[in-house]
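Colleague: Build the 3D model from these lines:
(chains A and B)
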Amino acid sequence: MSNYHSIAVKEDKCVGCVVCMKACPTNAIRVKEGKAVILDERCIDCGVCLWACPKQAIIPLTTAYLDLMYKFKYNIAMPSPALYSQFGKDVLPNKILLGLERLGFDYVYDVAWTCEMTTAAIRYYLENLKGQDERRPKISSTCPAVVRLIQVRFPELTDLIIPIDAPRELAAKALKDRISNKLDLSTEEIGVIYITPCPSKMISINNPPTREKSYFDGAIAISDIYGSLLSYLRDLEEDTVLQQSSGVGIGWAVSEGVVNGLGLDNCLAVAGIENVNKMLEDIESYKLKNIEYLECHACPLGCVSGPLTVENQYLAKSKISRLIKMFGEQSRVIDEAILQLWEEGYFSSEKKVAPTPIPPLDREPRVAIEKMKEREEIIKQLEGKECGACGAPDCQTLAEDIVQGKAEITDCVFRLIEKAGVRV
Amino acid sequence: MVEESSIFGKGFTVRGGDFANAGEVSCKVRNILKEIGINSDIIRRVAIVAYEAEMNVVMYAREGTLSFEVTPDRIKLVMEDEGNGIENIELAMQEGYSTATDEIREMGFGAGMGLPNIKKNSDDFKINSIVGKGTRVEVTIST
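Modeller: Next comes the predicted model:
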């Protein structure tokens, strides 16, 4: 099966070094014939390679800003709350939202508000779960890279992903329906565009795991519009109020934001793809049975440290902390309204996240066992230097590629030198 | 008879008191079974058995080994440890019975579910223990 991916290798820039391959947390990159190749079934779109590449040869496949603007009659911008962290300390969310309007969007929506509503919905869900004999912890569905990590590496844990959709998707659906009714436009005439801190949001647009079809028409990188947005902010008159959210919604931009907003016991947040991976391993080992909810972000500090952001991630985080203080930690949502929306199914994912595990060594267990033994034998013949010069990230992976007929023992430089009869 | 070529086996050493690495062996076993393409429900049962066995060594023994063998039809796990042994196996097999210290319980371990959990997830379960020497548990799970 072919998955959609939100990153690609730019071959003319790639020099075939091993940096991205070594950095990849799921061993999804090989260097073949001097160029990095991303393996479809293993890549989780976390964007670690994007940071790692010293040549900027790995590029995000977000949408070009101008392309989108001319495609639709009516354009709606929906910025990730992470956008609020990207400007000077006196530039507040409302101003940023108005800036997006000046940039040419017909309507700008404060996604942080839907985040705030979703916090209330998650709380309601978790409180109803109390005392029920359900597997725990429930895992957040927001970060597309984490969802894909679970689908690929922890297929058994897909059941634990909370059946509440990501706020951006909920907001996009609600808004597109509403605007289409109000302005008598067909949904095809309305462009809903996410302003994104990471490429992985493109997955939930092109290949959404929680619904049949996303209501987004594209996502523009924060880094792509940053310059123009900044110039519009300079002399902007704040004549309208677009911001609805308090600190509870804005907090979604950073790790622990949701957990703090929930204010419930036994909820945890984990950030950084390696940490998330370790945490999921612990969940598989039944170590976190007493945790009710786990908030996961692939990026080290949450969305503010996404690969398509501009501001220093620590400054960005502190800006969010400041905004949380400024707009308060008291949720502005009305509980009865959330309850009603809940009953209408407003927050529900359309479908359960399906596992898409990395295929076993062979479809036939008997053959897989043979290949496993063969792999162990090949590992013994390798040097164990984990150098990556063969084009695989480590010796075990090379051994596996050899067993699968995708590489040869002489791809290992040590074995090649030996074969050539050169003494080192 | 299963052909020699379609048996894969591996052994691991577990050190008593090594709480920091507790759970690693069961994690490795799980990953190997995933690569072989064993059904996920079976993997879950094997992992529970391996984890509980590993924890028993960590909590109660000086050192132990956990070895497993997989064929297309079944998975066999053998856990052997050098430790105090179990005085009353019948009692140890009861849910909630535990000789864990308060310190261990405070960490959330030692709830007295280890051996019962292992048995519950096995298709075949054998236990031998010699007081003052150690314990051997042999488990088979059919795939």
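Colleague: Next, the contact list for residue A:404, please.
Modeller: Contacts of residue A:404 were listed using CB atoms under 8 Å, 6 or more residues apart in numbering or on different chains, and they are A:361, A:371. All C-beta spots, glycine's among them, are computed from the backbone N, C-alpha and C.
Colleague: Check residue A:174 too.
Modeller: When contacts are counted by CB under 8 Å, 6+ apart, residue A:174 touches A:114, A:346.
Colleague: One more: residue A:281?
Modeller: Neighbouring residues of residue A:281 by CB under 8 Å, 6+ apart: B:23, B:27.
Colleague: Which positions in chain B make contact with chain A?
Modeller: Counting by CB under 8 Å from any CB of the partner chain, the residues of chain B close to chain A are B:5-8, B:23, B:26-27, B:30, B:32, B:34-38, B:40, B:43-44, B:47-48, B:51, B:70-72, B:108, B:143.
Colleague: Which of the residues you listed fall in strands?
Modeller: Counted as lying in strands by DSSP state E, out of the residues of chain B next to chain A, are B:8, B:70.
Colleague: From the residues of chain B next to chain A, list just the buried residues.
Modeller: The neighbour-count test (16 or more other CB atoms under 10 Å in any protein chain shown) applied to those identifies B:6, B:8, B:23, B:26-27, B:30, B:32, B:34-38, B:43-44, B:47-48, B:51, B:70-72, B:143 as buried.
Colleague: Which ones among those map onto helices?
Modeller: Here DSSP state H is the test, and those give B:26-27, B:30, B:32, B:34-36, B:43-44, B:47-48, B:51 as lying in helices.
Colleague: can I get those residues in CSV with distance to residue B:117 and pLDDT?
Modeller: Converted to CSV, these look like this (distance: CB to CB, whole Å; pLDDT from 0 to 100):
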residue, distance to residue B:117, pLDDT
B:26, 12, 89
B:27, 17, 90
B:30, 16, 92
B:32, 21, 93
B:34, 21, 92
B:35, 25, 92
B:36, 23, 92
B:43, 16, 92
B:44, 12, 89
B:47, 11, 91
B:48, 6, 89
B:51, 9, 90
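Colleague: Can you tell me which of the residues you listed is closest to residue A:288?
Modeller: When those are compared for distance to residue A:288 (CB to CB), residue B:51 comes out closest, at 13.0 Å.
Colleague: which residues touch the closest residue to the closest one other than its chain neighbours?
Modeller: In space, residue B:51 comes closest to residue B:26 once its chain neighbours are excluded; the distance is 4.0 Å by CB to CB, 6 or more residues apart in numbering or on different chains. When contacts are counted by CB under 8 Å, 6+ apart, residue B:26 touches A:285, B:47, B:50-51, B:54.
Colleague: which two in these are spaced the farthest apart?
Modeller: Farthest apart among these by CB to CB are B:47 and B:54. That separation is 10.2 Å.
Colleague: dump the residue contacts of the most centrally placed residue in chain B.
Modeller: By CA atoms, centre = their mean, chain B has its centre lying nearest to residue B:53, at 2.6 Å. Taking CB under 8 Å, 6+ apart as the contact definition, residue B:53 lies against B:64, B:66, B:77, B:79, B:114, B:118, B:137.
Colleague: can we see that at 6 Å?
Modeller: The neighbourhood of residue B:53, defined by CB atoms under 6 Å, 6 or more residues apart in numbering or on different chains, consists of B:66, B:79.
Colleague: and residue A:31, what element?
Modeller: For residue A:31, the enclosing helix or strand under DSSP states H and E is strand A:29-32.
Colleague: Show me the contact partners of the very next helix or strand once past that strand.
Modeller: Downstream of strand A:29-32, the first helix or strand assigned by DSSP H and E is strand A:35-38. Strand A:35-38 has contacts (CB under 6 Å, 6+ apart) with A:9, A:11, A:14, A:16, A:20, A:28-30.
Colleague: got it, and stretch A:124-134?
Modeller: By CB under 6 Å, 6+ apart, the surrounding residues in contact with stretch A:124-134 are A:292-293.
Colleague: tell me how far the ends of that stretch are from each other?
Modeller: 16 Å (CA to CA, to the nearest Å).
Colleague: Which of the residues in it are classified as buried?
Modeller: Of the residues in stretch A:124-134, those buried under the neighbour-count criterion (16+ other CB under 10 Å) are A:124-126.
Colleague: Among the residues you listed, which lie within helices?
Modeller: Among the buried residues of stretch A:124-134, the members falling in helices (DSSP H) are A:124-126.
Colleague: quick one: contacts for the residue of chain B found nearest chain A?
Modeller: Using CB to the nearest CB, the point where chain B gets nearest to chain A is residue B:37, with a distance of 3.0 Å. When the contact criterion is CB under 6 Å, 6+ apart, the partners of residue B:37 are A:360, A:365, A:368.
Colleague: Intersect the residues you listed with the contacts of chain B.
Modeller: A:360, A:365, A:368 (CB under 6 Å from any CB of the partner chain).
Colleague: Isn't the second one up against residue B:72?
Modeller: Yes: if you go by CB atoms under 6 Å, residue A:365 and residue B:72 touch, sitting 4.6 Å apart.
Colleague: Strands along the stretch 1-150 of chain A, start to end?
Modeller: A:7-9, A:29-32, A:35-38, A:58-60, A:74-79, A:107-108, A:138-139 (DSSP state E, counting those that start in this stretch).
Colleague: ranking the ones you listed by burial, who's on top?
Modeller: Among these, ranked by average contacts under mean count of other CB atoms under 10 Å in any protein chain shown, first place goes to strand A:138-139 (a mean of 25).
Colleague: so where's the stretch 1-150 of chain A shaky on pLDDT?
Modeller: Along the stretch 1-150 of chain A, the model assigns pLDDT under 70 to residues A:1-2.
Colleague: hmm, 90 instead?
Modeller: Residues of the stretch 1-150 of chain A that meet the criterion pLDDT under 90 lie in A:1-4, A:62-71, A:89, A:130-135.
Colleague: ok and the residue in it nearest chain B?
Modeller: Counting by CB to the nearest CB, the stretch 1-150 of chain A gets nearest to chain B through residue A:135 (10.8 Å).
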